[in-house]
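K.L.:
Show me how the following folds:
(chains A and B)
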There are 2 protein chains.
Amino acid sequence: MALGIADMAVFCKKKGFVYPNSEIYGGISGFWDYGHLGSELKNNLKQMWWKFHVHSREDIVGIDGSIITHPKVWVASGHVESFVDILLECTKCRERYRGDQLVEDVLKISADGMKADDINKLVRENKIHCRKCGSALGEASPFNLMFSTEIGASGGLKSYLRPETAQLIFTNFKLVEEHARMKLPFGIAQMGKAFRNEISPRDFLFRCREFEQMEIEYFIHPNQTGKCPFLNEVEDMEVNIFSAEMQENNKPHSPMKLKDAVKKKIIQTPWHAYFLGLEISWFTSLGVNQQHLRARQHLRTEKSHYALDTWDLEYKFPFGWKELLGMANRTDYDLKAHSEHSKKDLSIFDEESKQKVIPHVVCEPSLGVDRAFLVFLFDAYNNDEARGNIVLKLHPKIAPIKVGVFPLVNKLDGEARKAFESLKRNFYCFYDRSGSIGRRYARADEIGIPYCVTIDFETLKDNSVTIRDRDTTEQVRVKIDGLPSFIEGLINGKPFGR
Amino acid sequence: MALGIADMAVFCKKKGFVYPNSEIYGGISGFWDYGHLGSELKNNLKQMWWKFHVHSREDIVGIDGSIITHPKVWVASGHVESFVDILLECTKCRERYRGDQLVEDVLKISADGMKADDINKLVRENKIHCRKCGSALGEASPFNLMFSTEIGASGGLKSYLRPETAQLIFTNFKLVEEHARMKLPFGIAQMGKAFRNEISPRDFLFRCREFEQMEIEYFIHPNQTGKCPFLNEVEDMEVNIFSAEMQENNKPHSPMKLKDAVKKKIIQTPWHAYFLGLEISWFTSLGVNQQHLRARQHLRTEKSHYALDTWDLEYKFPFGWKELLGMANRTDYDLKAHSEHSKKDLSIFDEESKQKVIPHVVCEPSLGVDRAFLVFLFDAYNNDEARGNIVLKLHPKIAPIKVGVFPLVNKLDGEARKAFESLKRNFYCFYDRSGSIGRRYARADEIGIPYCVTIDFETLKDNSVTIRDRDTTEQVRVKIDGLPSFIEGLINGKPFGR
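P.N.:
From the prediction side, this is the model:
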């Protein structure tokens, strides 16, 4: 993959996918705005995620919680006390570094989860200085990543913008369980913004201060940990597995059937295997190459304060394999913490075992929307030298614009607009009459329009139009009357041609 | 309408539409979480809005900007200086009031837009005291409604959560115009959260501190103000008009064709008439009774600092006619302000007039999602005494769940699940085998499921099922094979029956 992350940012700006926020004021690090194509792509992938994870299942329902919430939520969850990164500041130029990142960049070791003391020690021992001006760095100190704000007039209540969507699921857990009449095992899904005051946002959309999550908290009876009724749906999938042991022994990741990974106890619970398979199949169902994905187990040192076993789904970005999705086994940590802090009983009655239980979150497939957005773009991006233009091979279901409609010459405008109007009722379409047909095809390729419809002089005789497939440039003639259903079929996976 | 706003909040909680945020911690005023049905209804109405306003038109494209943005944006827009409400605080019990609201509540006059001095005068003259403890109120003072936060480590940049989505459209205006190749007149749409630190949030979802907007900024060449090419699409609509003059003369609103309102110069520009008609038709196309909507012109005293002429679309809530949607004529106020503050040229080249111009925002249909959510619920809510249950007559396109599938008896589970699986691929469905069929119908009615499918013993013989229409309770038999396309037809407006 020759395209770097900075090149992708340039491409995204040029084509109207993503702009630096407040660019006219010089921008502001870690904040991005989605443009006319980016907002469509983002909406589409969120809708496809929701359809796949909520609408097509019976065991998962959704919620949509607020961003600002009672500060006690973040005390109970542990974020007020321990959601910190280690901050290093240059004593001279005041440049700020995230301690673990600086240590990783300079020493090429993994420093994830290191405490301030360890970072200080490494900085001293290795004489790490400010990378900008070369001066000494100050003492490392923890820095809380939550954005705070005040609710009400001055002297009001200090609260926080949620740093993760998950806690809203826990605070609403009992209400949802009761009103949606859920039975264990079940999940609650949510999509929405979250905020982290990153010390050094970087890599374009990969590490932003404002971002969006799509996630599920999946609750089971504690005695169901060893048995996942859905595993059979994915157990024969061959997945790139990168276990803690492989990492410790410097071995590369290796393809393995999910059922074997469970049998060999590499993946500790069948639930993790199931959700890894499910999430990978979501990406591949929308066109991502499975070889660009792998499942990596967290090392003991990097696990979150609440997690028993955690697997990340990683994607092969140009800047290395990076986390897309974290799947912690949070056990009953959160529900218990909220139960204690709120003095409310958050246990539920389980019909199966006839017991009151605090369910365990066995798995938490929590995916960054902006990272998924990047994945789909990187996987779709092709510099087609034969055509002399970029071809963005986005899956038709997530492509921002589904159909381009072109009159061969301006004289055919009336006829072309009729076809356009009939399509527009069903799909987001784009009408283009500027430049040669070749130029219009190229323009459509670059923004990932999967199907282009050209109205030519033949159309006047036979009421047919030419449809061109973006990925193969193959063309077929189709009657105008059948156009919307023909396109509908293509989007839903019918092979091109007749 | 007997149902009050507090009753609606109770109904919404009981059925899983909306919960008080952080309820286990006692809640937090002005913040709400959408439950398993509310999140679906909200998503559906947002999607329908986007389809109607963006996908089905050529002159409007969308963006999705960030919530936190550069503070200079809010200096340029005037929000830092003048986005204030007047705060009154009890000198004894410290209870806080929004000055204009308190004056309105006590004196039954309109106090919208009043300054601190005027409020002080009214409080003194009318001896208004704290409504809670009866003590004296302190001096009225302006209170900025923006939530502030700090970006970066301590001593970082003070910024704000956006109090309106509009400014993100202005800051990205040039980029969008260029990359989406827009020609005047054109619009830019956006949906997303906004935040206002309301002094006294009230009326459930009506006035929240965290809320969501769906809006369009519509740009025209300044010399196009008098001519809207789309007016003919809506000009014959008869709309309840409540002009400034009618209000000043204590006249009631009165139905009037939009073209007449323009001709008589009651509505100053044809653009306002067009967008009023467009927005009303959006609501009515999704089932809202047009008699519950009216167009009210702002009085001179209540116009925003930037607006030339403003019309609100109002809905008849149980607590009175209230604003749903504000449509200001913002002229070139915002683009000019950003141009001056950023020192960037935000003018564009207009092909038609061959001039460089700073376009005018002639209209800004800016709709609160949460208010629209309330409108659809109030308009759909029916207490059906004959049936003995509530029937939520939500339009099928926005109903959270489209189909309920019921086996008559548990023995028919296998057959029923087959029908369920075939439907689930296309629609969000609900499988229910608990209680009598009557009980299941009632349960479906109450959460607005438009179609219920019952599998009975006849099904085993004739491969048909019974579909029941929520609003009429009419029933028809349909072959299982044709079920998904039959339901699809109903959702898209085919009449019930055969």
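
K.L.:
burial count for the residue of the stretch 201-350 of chain A found nearest chain B?
P.N.:
Proximity of the stretch 201-350 of chain A to chain B (CB to the nearest CB) peaks at A:S342, 4.0 Å away. Yep, even glycine has a C-beta here, placed from its N, CA and C like the rest. Neighbour count for A:S342, taken as other CB atoms under 10 Å in any protein chain shown: 19.

K.L.:
In contact with it, which residues are there?
P.N.:
A:72, A:76, B:24-25 (CB atoms under 8 Å, 6 or more residues apart in numbering or on different chains).

K.L.:
can you check A:E177 too?
P.N.:
Counting by CB under 8 Å, 6+ apart, A:E177 has contacts A:186, A:348.

K.L.:
And it, its phi and psi?
P.N.:
Torsion angles at A:E177 (phi, psi; degrees, to the nearest 10) stand at phi -60, psi -40.

K.L.:
Which pLDDT value does the model give it?
P.N.:
We have a pLDDT of 97 for A:E177.

K.L.:
same deal with A:R498?
P.N.:
pLDDT for A:R498: 58.

K.L.:
All the strands of the stretch 151-300 of chain A, in order from the start?
P.N.:
Counting by DSSP state E, counting those that start in this stretch, the stretch 151-300 of chain A has strands at residues A:157-161, A:186-195, A:210-220, A:238-242, A:254-257, A:293-297.

K.L.:
Include mean neighbour count, mean pLDDT and distance to chain B when you put those into JSON lines, please.
P.N.:
Shown next, in JSON lines, are the strands of the stretch 151-300 of chain A (neighbours: other CB atoms under 10 Å in any protein chain shown; pLDDT from 0 to 100; distance: least, CB to the nearest CB, whole Å):
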{"stretch": "strand A:157-161", "mean neighbour count": "19", "mean pLDDT": "96", "distance to chain B": "7"}
{"stretch": "strand A:186-195", "mean neighbour count": "23", "mean pLDDT": "98", "distance to chain B": "6"}
{"stretch": "strand A:210-220", "mean neighbour count": "24", "mean pLDDT": "97", "distance to chain B": "5"}
{"stretch": "strand A:238-242", "mean neighbour count": "20", "mean pLDDT": "97", "distance to chain B": "26"}
{"stretch": "strand A:254-257", "mean neighbour count": "15", "mean pLDDT": "97", "distance to chain B": "27"}
{"stretch": "strand A:293-297", "mean neighbour count": "23", "mean pLDDT": "96", "distance to chain B": "25"}
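
K.L.:
can you tell which of these is closest to A:I348?
P.N.:
strand A:210-220 (8.7 Å; CB to CB).

K.L.:
mind listing what the closest one pairs with, with the direction of each?
P.N.:
Each strand paired with strand A:210-220, and its direction, by DSSP bridges: strand A:186-195 (antiparallel), strand A:360-363 (antiparallel), strand A:366-368 (antiparallel).

K.L.:
and the next element down the chain from the last one?
P.N.:
The helix or strand immediately downstream of strand A:366-368 is helix A:369-380, counting by DSSP states H and E.

K.L.:
report the angle between the axes of that following helix and strand A:210-220?
P.N.:
Interaxial angle of helix A:369-380 relative to strand A:210-220 (axes from the mean of the first three to the mean of the last three CA atoms, to 10 degrees): 100 degrees.

K.L.:
so how far is the next helix or strand after helix A:369-380 off the chain centroid?
P.N.:
As assigned by DSSP H and E, the chain's next helix or strand after helix A:369-380 is strand A:381-384. Relative to its chain's centre, strand A:381-384 lies at 22 Å (CA atoms, centre = their mean, to the nearest Å).

K.L.:
ditto for stretch A:479-487
P.N.:
34 Å.

K.L.:
Quick one: mean pLDDT over that stretch.
P.N.:
Averaging pLDDT along stretch A:479-487 yields 94.

K.L.:
Going by neighbour count, which residues of that stretch are buried?
P.N.:
Of all the residues in stretch A:479-487, those buried under the rule 16 or more other CB atoms under 10 Å in any protein chain shown are A:480, A:483-484, A:486-487.

K.L.:
What is the neighbour count of A:A328?
P.N.:
25.

K.L.:
ok, it touching A:D312?
P.N.:
No - between A:A328 and A:D312 there is no contact under CB atoms under 8 Å: 9.6 Å.

K.L.:
which one of the buried residues of stretch A:479-487 is nearest A:P142?
P.N.:
For the buried residues of stretch A:479-487, the closest approach to A:P142 (CB to CB) belongs to A:I487, at 54.6 Å.

K.L.:
and whichever helix in chain A runs longest with strand A:293-297, angle?
P.N.:
Longest helix in chain A, counting residues (DSSP state H): helix A:270-285. Using the same axes, to 10 degrees, one finds that helix A:270-285 and strand A:293-297 are set 160 degrees apart in direction.

K.L.:
mind listing what's buried in helix A:270-285?
P.N.:
By 16+ other CB under 10 Å, the buried positions in helix A:270-285 come out as A:270-284.

K.L.:
All set now, cheers.
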